[in-house]
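Asks: Mind folding the following:
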Amino acid sequence: MDFSLSPDQILFRDSIDRFFTETFAGEAGRDAASDWKSLAEMGLTAAPFPESLGGTGANAIDLMFVANGIGRTLAKTPFIAGVILAGSLLRDCAAAPAARALIEALASGSTRLAFAQMHSGSVTRAGSGVTISGEARIVLGGATADMFVVASPDRDLLIIVDGGGPGLRRLPFGTLDNRDAADLVFENVAAAAEAIPVRGAEARRIIESALRAARAAWCAEACGAMRAALDLTLEYARTRKQFGRPIGSFQALQHRFVDMRIAVDLSDTLTRVATMAVDEASPQEAERLVAAAAVQVAAASRLIAEEAIQIHGGMGMTDECSAGKYAKRLMALTCLLGSEDEALERFLQSA
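Replies: Now for the predicted structure:
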């Protein structure tokens with residue numbers, strides 16, 4: 001793998017950094033609609049799709065820069081869940097007219113999309129349609145999504161569901177890091193069975209591929225948040241004084257900062273390897289590398305969150321201090337990535 005960035009990638013990374021700093025830094029008071037509009041105007045809702053589908057043809061590394069920006073500025077937008085995860089599902093089924101139309105709506109920013117994995121219930125076939133009954137829990141962006149791509153409980157079927165259709169109830173809530181989500185209840189919701197015409201093993205393959213891309217992006221978001229939390233804590237250590245000296249001059253804290261820096265740099269490296277593998281490697285190799293990145297990111301996130309709060313002291317737990325906000329984001333992301341044991345199991349199974 002070639003880790004060097006092309007001139008175009010460097011320009012894209014710098015423009016993304018400026019965009020998130022100018023648009024999302026100091027995000028208090030923003031709403032989901034304005035966030036989505038900003039992303040669409042920047043062309044990011046079209047990023048994962050080829051030009052033939054109205055997209056910009058961004059690769060996984062380009063999307064990694066976007067995820068870094070989300071984590072660094074604590075943006076609340078469900079970009080990864082709505083564009084990378086749900087969008088990847090549609091992109092792999094773009095031959096279907098309904099999927100193609102939804103891709104174009106997502107790329108233009110006129111439709112907000114979310115992926116919903118059914119945890120219980122049933123899907124009943126009736127001619128050319130299906131009827132869904134059951135529940136999908138913790139749907140990121142589910143409180144504001146216009147449309148849903150729903151996976152059946154055993155992931156052998158993908159279904160497009162109108163967010164405003166009859167029989168669908170949303171139970172919205174805020175996540176630990178104050179992002180919108182919802183539990184969905186399907187009560188005899190009717191949908192077209194052929195909207196996404198993939199079944200069985202092919203549907204499972206497409207879903208696993210999309211989830212793998214999302215996990216790599218969540219690792220990248222965590223890396224952005226970790227680096228920002230580290231920089232914030234370093235700046236605090238330079239200005240906070242004890243015994244007439246900045247606390248950053250104490251050798252004990254310097255050793256802790258070195259450990260934090262190593263953890264963040266290693267997470268960055270493994271995440272970049274995993275991200276490149278999503279585009280370039282076989283599914284088995286990509287799964288192995290994404291799992292390895294997830295293990296490292298989970299451990300590093302815990303270290304950075306704990307150290308940032310401890311070094312800030314009591315104020316690190318207050319709403320006025322960003323250290324606590326970064327800690328909450330990192331805790332939420334490690335939940336999305338799954339436990340370290342689950343990631344290790346995926347790593348071993350794909351080795």
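Asks: gap between the nearest residue in space to residue 279 that is not next to it in sequence and residue 219?
Replies: Among residues not flanking residue 279 along the chain, residue 60 sits closest, at 4.5 Å (CB to CB, 6 or more residues apart in numbering). All C-beta spots, glycine's among them, are computed from the backbone N, C-alpha and C. Going from residue 60 to residue 219 by CB to CB, to the nearest Å gives 11 Å.
Asks: How about the residue sitting nearest the centre point of the chain, nearest residue that isn't a chain neighbour?
Replies: Centroid check for the chain by CA atoms, centre = their mean gives residue 80 as the closest residue, at 3.6 Å. Spatial nearest neighbour of residue 80, chain neighbours left out: residue 217 (4.6 Å); criterion: CB to CB, 6+ apart.
Asks: same deal with residue 111?
Replies: residue 105 is the one closest to residue 111 (CB to CB, 6+ apart), at 3.8 Å.
Asks: What count of nearby residues applies to that neighbour?
Replies: Residues near residue 105, counting by other CB atoms under 10 Å, number 17.
Asks: pretty sure it is in contact with residue 98, am I right?
Replies: No - with contact defined as CB atoms under 8 Å, residue 105 does not count as touching residue 98 (10.8 Å).
Asks: Now for the nearest residue to residue 339 once chain neighbours are set aside: which residues touch it?
Replies: Computed as CB to CB, 6+ apart, the closest residue to residue 339 that is not its neighbour in sequence is residue 298, at 7.7 Å. When the contact criterion is CB atoms under 8 Å, 6 or more residues apart in numbering, the partners of residue 298 are 334, 337, 339-340, 343.
Asks: mind giving me the domain ranges of this protein?
Replies: 7-108, 113-199, 201-350 (automatic domain parsing).
Asks: Same list, those domains, but as TSV with mean pLDDT please.
Replies: Output for the domains of the chain, formatted as TSV (pLDDT from 0 to 100):
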stretch	mean pLDDT
domain 7-108	88
domain 113-199	91
domain 201-350	91
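Asks: related to what we said a few turns ago, of residue 60 and residue 219, which one has the most company?
Replies: Shown here are residue 60 and residue 219; by other CB under 10 Å, residue 219 has more neighbours (31 against 22).
Asks: Is the more buried one in contact with residue 336, as I believe?
Replies: No - with contact defined as CB under 8 Å, residue 219 does not reach residue 336; the gap is 9.8 Å.
Asks: how far away is the closest residue to residue 257 other than its chain neighbours from residue 241?
Replies: Closest residue in space to residue 257, ignoring its immediate chain neighbours: residue 234 at 6.5 Å, by CB to CB, 6+ apart. As judged by CB to CB, residue 234 and residue 241 stand 15 Å apart.
Asks: So for those two, which sits in the more crowded spot?
Replies: Counted by other CB under 10 Å, residue 234 and residue 241 do not tie: residue 234 has more neighbours, with 16 against 11.
Asks: quick revisit: any shared contact partners between residue 60 and residue 219?
Replies: residue 275.
Asks: and the host helix or strand of residue 285, which residues are buried?
Replies: Using DSSP states H and E, residue 285 sits in helix 283-312. By neighbour count on 16 or more other CB atoms under 10 Å, the buried set for helix 283-312 is 286-298, 300-305, 307-309, 311-312.
Asks: and residue 345, how many residues sit next to it?
Replies: By other CB under 10 Å, the residues close to residue 345 number 13.
Asks: do residue 174 as well
Replies: With other CB under 10 Å as criterion, residue 174 counts 11.
Asks: shouldn't it be in contact with residue 180?
Replies: Yes - at 6.5 Å, residue 174 counts as touching residue 180 under the criterion of CB under 8 Å.
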